[in-house]
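# here are the coordinates; sequence isn't available:
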C-alpha cells in the first residue's frame, strides 16, 4: 500500500501541472486523497509489522503536497475563468449593442438615400 500511495502521490503532482480547464486538477485532487488514505492505512499495517514506514510516509507527504497544489491550481483556474468570463460577456454585450446601433444608422442612411421608387410593373390600363 505504501508503494501505491507513493505512485498516486506522484501522479497527483503530475496532474497538477498539466494545463486544462481544471479537469486534471479535480482528478489530481481525487488521486491525492486516495494516496493519503492508502498511505495512512499502509503506515499502520507496516508499523504493526515492525518494518520501515519510509515509502508509506513519502506517499503520505506527496499525497498531501499534491492535494494542496491541486487545490490551489484549481482555485486559481476558477478565479481566472470567472474574471475572463465576466470581461468576455461584457465585451460581447457592448459589441452587440454597438453593432445594432450601427446597423440602425446604416438602414436609416439607405432609406434616406433611396430615390422614390415606382412600381416595377405598371398596372394594366383597364384598372386605371
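The structure has been received and is ready for your questions. All values derive from a computational prediction rather than experimental measurement.

# residue ranges of the helices in this structure, please?
Secondary structure of the chain by DSSP state H: the helices cover 2-17, 23-48, 54-113.

# in this protein, which ranges drop under the pLDDT threshold?
For the chain, the stretches flagged by pLDDT under 70 are 21, 115-124, 127-128.

# hang on, the earlier thing: so which of the helices of the chain is the most surrounded?
Sort those by mean neighbour count, taking mean count of other CB atoms under 10 Å, and helix 2-17 sits at the top with a mean of 20. Where you see a C-beta, it was placed from the backbone N, CA and C, and this is true even at glycine.

# Contacts for that one next, please.
24-25, 27-29, 31-32, 34-36, 38-39, 42-43, 46, 53, 55-56, 58-63, 65-67, 69-70, 73 (CB atoms under 8 Å, 6 or more residues apart in numbering).

# what inclination does that helix have with respect to helix 54-113?
Going by axes from the mean of the first three to the mean of the last three CA atoms, to 10 degrees, helix 2-17 is angled at 20 degrees with respect to helix 54-113.

# picking that back up, rebuild the helices of the chain as CSV, extending it with distance to residue 126.
What follows is the helices of the chain, written out as CSV (distance: least, CB to CB, whole Å):
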stretch, distance to residue 126
helix 2-17, 85
helix 23-48, 76
helix 54-113, 33
